[in-house]
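**Student:** sequence? don't have it. structure:
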């Protein structure tokens, strides 16, 4: 079914807003990078988007994938696989491991969600996002 003009403009506004959020996130993380894709490399509107971020060391190549949307904003290094699907699998795996640690009251030096005072409350939310990503990564119709 074709998208309505309103639906496509809503999606364009959503993507534009998330692209700005990705840029702000990379600045806060201190990531030196090239261009951020003009549009998501992959998305499920209006839930989540994966953005290709150009490497500053190897211009023209994706250096990172950034996830943004109704989930924590996070990034992963673009490895030899170089696909958004591989990035979704990586985020899912890392978030599942972190949510398990959060349930135990442990923290991670690599990634945090919220603060230590509410980590046990946030753990199930992170786990649900991790599971959703895992399901989407397995769904060939989304790719």
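**Tutor:** Now that the structure is in, tell me what you want to look at. Fair warning: this is a prediction, and the values are worked out from it, not measured in the lab.
**Student:** which other residues reach the longest helix along the chain?
**Tutor:** The longest helix of the chain (DSSP state H) is helix 5-29. Contacts with helix 5-29, where a contact means C-beta atoms under 8 Å, 6 or more residues apart in numbering, come from 3, 33, 36-40, 43, 45-46, 49, 51, 53, 66, 68-69, 73, 75. For the C-beta atoms, the positions are set from N, CA and C on the backbone; glycine is no exception.
**Student:** give the buried residues for that helix.
**Tutor:** Residues 11, 14-15, 18-19, 21-22, 25-26 are the ones in helix 5-29 that count as buried (16 or more other C-beta atoms under 10 Å).
**Student:** wait, which of those is closest to residue 79?
**Tutor:** For these, the minimum distance to residue 79 (C-beta to C-beta) is 18.3 Å, reached by residue 26.
**Student:** surely residue 143 meets residue 88?
**Tutor:** No: between residue 143 and residue 88 there is no contact under C-beta atoms under 8 Å: 9.3 Å.
**Student:** which of these two has more neighbours?
**Tutor:** Using other C-beta atoms under 10 Å, the more surrounded residue of residue 143 and residue 88 is residue 88, with 25 against 12.
**Student:** helices and strands around the host helix or strand of the more buried one, which ones?
**Tutor:** Per DSSP states H and E, residue 88 falls inside helix 84-103. Contacts defined by 3 or more C-beta pairs under 8 Å, 6 or more residues apart in numbering; DSSP states H and E place helix 84-103 against strand 42-44, strand 48-55, strand 62-69, strand 71-77, helix 119-138.
**Student:** report the separation between the most centrally placed residue in the chain and residue 91.
**Tutor:** Nearest to the geometric centre of the chain sits residue 67, at 1.3 Å (C-alpha atoms, centre = their mean). Here the criterion is C-beta to C-beta, to the nearest Å. By it, residue 67 lies 5 Å from residue 91.
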